[in-house]
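Colleague: Need a 3D model of the sequence below.
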Amino acid sequence: MGRRIVQEEPEKSAPKMPPRADAVQIPHDVVNEQTLIAAALIDPVARKKLTLRVKPDAFLVKEHVEAWIALTELSRQGLEYDPATLHTIAGTRVDDAYLSQLIEARRSAPVNLDHHVAMLEWDRARVEAVRGPISQLLEHLKDPTAPPERVRAFAKATASMLEKGTTSSL
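Modeller: Predicted structure coming up:
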């Protein structure tokens, strides 16, 4: 029995591939990060609560991560905020002028800090979902040999990650 050879016509233009999951940029609201940093700078009680609750990796802006690490250390040592004191802790990793602008924009900590923490966590959950289970789900969906249970597992992991992305209270 002979094999049939089929010649396919070359496509006129290559099909567009969907963007890779790690190339997808998830927008987030930087105001939530700024609000929490400002509240921690202005209000020692809010600083203590926030630094115990919010970890530095919850922030998506690198400069905000550095500021939060410094504020967490300030709180851990029981020190009051002062630009010079923070400088002794963070050195040049934190922009003192930027922090001063955040303080000037807000004279007191907002009463709805829980909302800003929840939105910060939701932004982080969305970004992490794209980097993790959504990326893996897309890769497995593209693979016709991927076992259905693996695809379902990544779909469930995605749902689980997004489900717990907004549970916060101070």
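
Colleague: right, and residue 129 touches residue 161 too?
Modeller: Yes: if you go by CB atoms under 8 Å, residue 129 and residue 161 touch, sitting 4.7 Å apart. (C-beta placed from N, C-alpha, C; glycine too.)

Colleague: And the helices in the protein, which stretches?
Modeller: Secondary structure of the chain (DSSP state H): helices located at 30-42, 44-53, 62-76, 83-90, 96-105, 113-129, 135-142, 148-163.

Colleague: so residue 33 touches residue 56, yeah?
Modeller: No: Residue 33 is beyond contact range of residue 56, at 11.0 Å (criterion: CB under 8 Å).

Colleague: Of these two, give the one with the bigger neighbour count.
Modeller: A side-by-side neighbour count of residue 33 and residue 56, using other CB atoms under 10 Å, places residue 33 first with 25 against 15.

Colleague: who touches residue 98 in this structure?
Modeller: Residues in contact with residue 98 (CB atoms under 8 Å, 6 or more residues apart in numbering) are residue 63.

Colleague: From residue 37, how far out is it?
Modeller: To residue 37, residue 98 is 9 Å away according to CB to CB, to the nearest Å.

Colleague: Now the common contact residues for the two.
Modeller: By CB under 8 Å, 6+ apart, no residue touches both residue 98 and residue 37.

Colleague: Below-threshold pLDDT in the protein: ranges please.
Modeller: Applying pLDDT under 70 to the chain flags the ranges 1-24, 165-170.

Colleague: could you measure the residue nearest the centre of it against residue 162, distance?
Modeller: The centroid of the chain falls nearest to residue 124 when counting by CA atoms, centre = their mean (2.8 Å). Relative to residue 162, residue 124 is positioned 11 Å away (CB to CB).

Colleague: ditto for residue 34
Modeller: 24 Å.

Colleague: which one of those two has more residues nearby?
Modeller: When residue 34 and residue 162 are compared for neighbours, residue 34 comes out ahead with 19 against 16, by other CB under 10 Å.

Colleague: contacting residues around that one?
Modeller: By CB under 8 Å, 6+ apart, the contact list for residue 34 reads 64, 102, 105.

Colleague: Hmm, the first one is touching residue 32, no?
Modeller: So the one you mean is residue 64. No: with contact defined as CB under 8 Å, residue 64 does not reach residue 32; the gap is 9.9 Å.

Colleague: how many neighbours does residue 31 have?
Modeller: Count around residue 31 with other CB under 10 Å applied: 10.

Colleague: If you count neighbours, what's buried in stretch 50-70?
Modeller: 50-51, 53-54, 58-60, 64-70 (16 or more other CB atoms under 10 Å).

Colleague: Go ahead and measure how far stretch 83-92 is from the middle of the chain.
Modeller: The chain centre lies 25 Å from the centre of stretch 83-92; the measure is CA atoms, centre = their mean, to the nearest Å.
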